[in-house]
Each structure stands twice: as C-alpha cells, then as structure tokens.
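J.: Sequence plus the predicted model coming up.
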Amino acid sequence: MYKKYMDTGLLRPKIITKKALNIMRISALLLLIGILSVSATSYSQEAKVSISVTDKTVKDVFEEIKAQTNYSFWYDLKDVNANRKVNVNVENESVKNVLAKVLEDQNLEFELKGNHIVIMKKSISEAKSGVPVVAQDQKRISGTIKDEKGGAIIGANVIVKGTSIGTTSDIDGRFSFEVPSNSILQISYIGYLSQEMHTANKTVLDITMIEDAKSLEEVVVVGYGVQKKETLTGSISSVKGTDIVIAPVTNVTHTLAGRLPGVVAVTRSGEPGADGATIRIRGTNTLGDNNALIVVDGIPGRSLDRIDPNSVESITVLKDASAAIYGAQAANGVILITTKRGEAGKPQITIQGNMGIHQPTVLPSLLNASEYATALNELDMYKNRPERYTADDIRMFSDGSDPWKYPNTDWFGETFKKWSTQTNVNAEISGGSQFMRYFVSGGAKNQEAIYKNSATRYNQYDLRANMDMEANKHIRFGLDIAGRIEDRNYPMGNNGVTDIFRMLMRGKPNTPAYWPNGLPGPDIEYGSNPVVVTTDQTGYDRDKRYIFNSNFKLDISIPW
C-alpha cells in the first residue's frame, strides 16, 4: 500500500511506503531517547547548588536541592534519618559533594541515576572495607487497578512500603513508575481493603480491589431509623461516641469541630457552665434563629451542651433533604444523638475517667508601673506640663523597695491562675438476654474557672438508664430514663466575665491589688476590685438545676 502526499508548492510530490515511514518514526524516537539520556548523564555530572542552612533537617537540605535542580530523592525512611539536624554552607557546589557532606558518618551511600538520587544503607562488607557497592537496581512497574466488577478505580494510592515513592492510578485505573527491585507495593483506596504486593520477578501487575464490607455495612442513624452506609444517597455525616470521649472536655459541642463535614462549631466563652459552642450547619441560613434541631434518642428539642459524652453512641448530622422528615424545624439542619443501649450477654462494667488542664491562650501585655509612669511623664512633656514622677520614683516602682508607696501590680497575674483543672468520671453497666437488655450509666464532672480562689465553678452529675424488651417477634417496648443535676457558681451581682475583664484592662499598675499586709487593695471603679470579686469573699450566686426526662416506647408490627 502507498500513501501519496500532494505538492504544497514548497515540496516535491513524494511517495513513501508504510515501512519507510515506520523506520523514520523509530529513528526519531531513538534519537530523542539518546538526546535525553545524554542530557540526563551530563546533568548528573554538572548540576551544582548553593545552600546556606543552619540547624536544619536533612529533609530540608533534600528539599533545597530539589528546588534548585530536577533531582528527586528515593530512600527508605527506616534507613535515612531525615529529621537529623545539619549545617550546610556551600556556594556553587556539586550535588555529589553536598550529599557527601550531609550523609558522612551515617553508614549510607547514594547514587545519581539520571535525575534520580537513590540513598540506601551500605552493605556489611562495604561498611567494613569502605569500598562502595553498586546501588540497588530499579525497574519500572506498571499495572491496572480495578474493582471486583472490572471497573477502573481512579486515584488509588500505590506506594513503595516504607518510602515516600508512590503514584496514583489514572482515569483508566492504570499506573506506572520506577521502584527499587524486590520492593513491596502498598495499594489503598477509600472503601476498599488495603493490599500489599511483592514486585520480585514482576513488571506488570493486575490488581483487583476488594470492597471493605465492614465499613459499608455500618449503619447510620437517619431521621426515620437506621440505614446502611452503602445505600445512603442523602447528605449525612456521623461520628462515633468512641471518637468523642478521646478529648477531655466537659461539653460535647467542643468535640464536633473538625469531625463532621459542613459543621462549624465556635466557642465564644470558656466560663464553666456557660461554655457551649455555637454550631452552624453549612453556615447561616436565616435572619433569625440559626440553631440546628437537636434530637436525642428520637425526641426533638433537646440540648446538646450538657449530655454526658460517655453515654453517646453516635452523633449524626442531617443536611438538606435528609432532614426533611422533621419539616420546618430542620431548616438549619438536624443533629441526631443516639445514646448507648444494652446488648445481650454477661454484665459488662466499664469505669473511665479523665482530667484536663485549661488556661488562657492569649492575654494582653500591659505596662508595668515604671513604664506607666514614664508614659505619663511623656504626656506631660507634650502638654508642656511639669513631669509628675521623678527618676527616683520610676526606679522605686521598678525595684519594689517601697511597695506601700510605689506598688507594681500585674492585674492579670494577680487575678488569673496559671492553669485550672477539669475532671470527668463515668461508670457503666450493661448486659441482658435475647428478650431483655439494659444499660445504666452514671457520671460526675467538675470544672474550675481560671481565677485564683475562684467563686466560679461548675459541677454536673448524670444518670442515664434504658431497658429494651421483646414480648415476641411482633411486640417490643423500651423505657428510657435520664436525670441530671447542674450546679453553677458565679460572682455576686453584676460581676460577670465582661465586667471582670473591663476592670482588669482599666486597672492601673501603680495601684495595689493587695496591700503589703495582705488585705485587698482599693477598688478600681464602682467599688469593685477584680482580685476580690472573682473569689467568694463578696459572696456568689448559685444556680442549681434538676433535669429529669423519661420516654416509653412501644413498637408493634402487624403481620399481614
């Protein structure tokens, strides 16, 4: 067969056979490969870098070399201590010399292959003799990743075990990259079981991923019952109770931030008993109330703040159409809390507790007494008035030689503790038979404020019990009981958190918080001194509440 190319006016008509055309293509390809090989070899010998780092990690040096060249690094994390600190100061130095300095005395060797740098441990014989050995051979591995039905899996991770060498599968499920010989590949993808495959005597791999049936068969609580994850079509996200109790917090809302997609939790106060987070599901939706509907064990309109985290089985967030079963109440989303229930078996007793420490994260840095006096003198100077403090006055504010006349007060330091504690203790018992199951949980929480000798504190005591019974396969009923005691203490009168912080900001450093004899100093304004009103010396307000809820359920299924 012949292909005929017509004259364009610049070239004469030519008739080229298909065989000749293929030879030309192959020749051009070989020429291109040769050029690339020569350029890579030349590049390997001539690449130079300039690096100046002090007390940086080996990994930082590798990244600097990568930034200045086209080299990529291959090494086993078990062999190379990439976090070791080094000092490197070179100017226009070859990459080989830089690596020799960075890796010296580390029982490591390296080899430059094209634009790759392979780093590995020296063999025993080389370590003794100092004679380099040939670097570990590399080979190209390619393959296809599919599911059990033969469909291509896009974006599956393929990584050489123990290294940072890896790639991902393309739109056809294919992958291809160079790996050290006799290495182990780790293949993983969300919703599928991870696999490991050895590359010995193999260059092509056909991989079939198996679905993680356990994760797909997990049930998620929805508005009308439960549903398997694999059948979900609505916008639903959930978190397990075991993930919630990890954080030592006394308020469940503090554990939701970052755990549930589309949920934003902002804590505006750390005051014990008033530290509930503001929760928004997919932002602000109305001009009025933007709070989500809270449903606890099927009962809507409950509070999320004070639920004992230890009694929570799961928290599910329903968005958009998934929450439609609750009607207009679900305009801002729904948060479903499912508490733990008993399971058939021998009685199981669980006792757990934790203690957390909290402290102010950022406090304003204010002037001390000598700095304050200096600033006042400067103001007097600008107003052409005589300075009110002498140099001796400023010195005595600073050295503390006369605390009666020249006090130097750090109001925040005098009012706040370095840190405060919070504790949470819980005990559970559950068990039962095929026809009757029970669960009982009791807990106690205590949270202190950050003030010294504080009058502000919060105590909570919880009791939750439920029982599920089956009369027969058509009749089931259950009883839920929940009780809680909340005990809050606050400073007396209008001395809330805002008033206390306003007094602290207005407190002058040249007035005493306490007199040298230990008695409280003068008030800042309106007869209030923050180091006094935060304690119980002026009395405190107590808010004690008793909350009790019960719920009886009866399920009857009528066979037709």
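T.: Alright, I've got the coordinates.

J.: Kindly provide the distance from residue 423 to residue 445.
T.: Noted for residue 423: a distance of 7 Å to residue 445, by CB to CB, to the nearest Å. In this view, the C-beta of every residue, glycine as well, is placed from N, C-alpha and C.

J.: Show me which of these two is the more surrounded one.
T.: Ranked by neighbour count (other CB atoms under 10 Å), residue 423 and residue 445 place residue 445 first, with 22 against 15.

J.: residues near residue 518, how many?
T.: Residues near residue 518, counting by other CB under 10 Å, number 6.

J.: Same check on residue 355?
T.: For residue 355, the neighbour count with other CB under 10 Å is 11.

J.: Which residue, neighbours along the chain excluded, lies closest to it?
T.: Nearest non-adjacent residue to residue 355, counting by CB to CB, 6 or more residues apart in numbering: residue 423, 5.0 Å away.

J.: which residues touch the one you found?
T.: 353, 354, 355, 356, 444, 445, 446 (CB atoms under 8 Å, 6 or more residues apart in numbering).

J.: The fifth one contacts residue 461, correct?
T.: Yes: Residue 444 is within contact range of residue 461, at 5.3 Å (criterion: CB atoms under 8 Å).

J.: May I have the distance across stretch 144-160, first residue to last?
T.: Chord length of stretch 144-160, first to last residue, is 16 Å (CA to CA, to the nearest Å).

J.: Please read the previous query as pertaining to stretch 184-194.
T.: Its first and final residues considered, stretch 184-194 spans 13 Å by CA to CA.

J.: how close does residue 458 get to residue 272?
T.: Distance of residue 458 to residue 272, computed by CB to CB: 4 Å.

J.: Mutual contacts of those two, please.
T.: By CB under 8 Å, 6+ apart, the residues touching both residue 458 and residue 272 are 250, 447, 488.

J.: so which of those is the most crowded?
T.: If you rank the shared contacts of residue 458 and residue 272 by neighbour count (other CB under 10 Å), residue 447 sits at the top with 25 neighbours.

J.: which SS state does the residue nearest to residue 355 fall under?
T.: Following DSSP: H, G, I helix; E, B strand; the rest coil, residue 423 is assigned to strand.

J.: Kindly report the same for residue 483.
T.: Per three-state DSSP, residue 483 ends up strand.

J.: can you pull the pLDDT of it?
T.: pLDDT, residue 483: 92.

J.: Residue 322 now?
T.: Looking at residue 322, the pLDDT reads 66.

J.: before we move on, what about residue 432?
T.: Looking at residue 432, the pLDDT reads 91.

J.: Isn't it up against residue 348?
T.: No: in this structure residue 432 lies outside contact range of residue 348 using CB under 8 Å: 10.2 Å.

J.: ok, the closest residue to residue 50 other than its chain neighbours to residue 518 distance?
T.: The shortest distance from residue 50 to any non-neighbouring residue, by CB to CB, 6+ apart, is to residue 91 (5.0 Å). Noted for residue 91: a distance of 65 Å to residue 518, by CB to CB.
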